[in-house]
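Engineer: No letters, just coordinates:
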């Protein structure tokens, strides 16, 4: 199992979001524990799995390119 584990500070340098934003907003709402990040030895330290985060970023970029959100909350597939 070869995965790149990053702290929030290291991840922030790669995806250009602040470490505080990653920990406060993205963790637990966008990133899922066990898939995008882990807590080794059930501790307080959080390590993000770069390959999973990168895959999610590209997946959401492609998904967002296939439709146009409308003001009413609907989407237009165009």
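Structural biologist: Arrived safely. Because the structure is a prediction, the values reported are computed rather than measured.
Engineer: Just checking: what are the partner strands of the helix or strand bottoming out on mean pLDDT in the chain?
Structural biologist: The least trusted helix or strand in the chain, going by mean pLDDT, DSSP states H and E, turns out to be strand 68-69, with a mean of 75. When pairing is defined by DSSP bridges, strand 68-69 lines up against strand 75-76 (antiparallel).
Engineer: How far off centre is the strand it pairs with?
Structural biologist: 24 Å (Cα atoms, centre = their mean, to the nearest Å).
Engineer: neighbouring contacts of that strand?
Structural biologist: Contacts with strand 75-76, where a contact means Cβ atoms under 8 Å, 6 or more residues apart in numbering, come from 67, 68, 69, 70. For the C-beta atoms, the positions are set from N, CA and C on the backbone; glycine is no exception.
Engineer: Show me how far the least confident helix or strand of the chain is from its chain's centre.
Structural biologist: 21 Å.
Engineer: got the end-to-end distance for stretch 22-40?
Structural biologist: Using Cα to Cα, to the nearest Å, the end-to-end distance of stretch 22-40 comes out at 18 Å.
Engineer: Could you shift the numbering so residue one becomes 39, and keep it that way?
Structural biologist: All right, first residue 39 from here; so that's stretch 60-78.
Engineer: what's in contact with that stretch?
Structural biologist: Counting by Cβ under 8 Å, 6+ apart, 43, 46, 49-50, 53, 55, 83-87, 90-91, 94 sit against stretch 60-78.
Engineer: Please, a PyMOL command that selects the buried ones among those?
Structural biologist: Those of these that count as buried under 16 or more other Cβ atoms under 10 Å are selected in PyMOL with:
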select buried, resi 46+49+50+84+85+86+87+90+91
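Engineer: Export the contacts of stretch 60-78 to TSV and append columns for distance to residue 76.
Structural biologist: What follows is the contacts of stretch 60-78, written out as TSV (distance: Cβ to Cβ, whole Å):
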residue	distance to residue 76
43	8
46	13
49	13
50	18
53	18
55	19
83	9
84	8
85	6
86	8
87	7
90	10
91	12
94	15
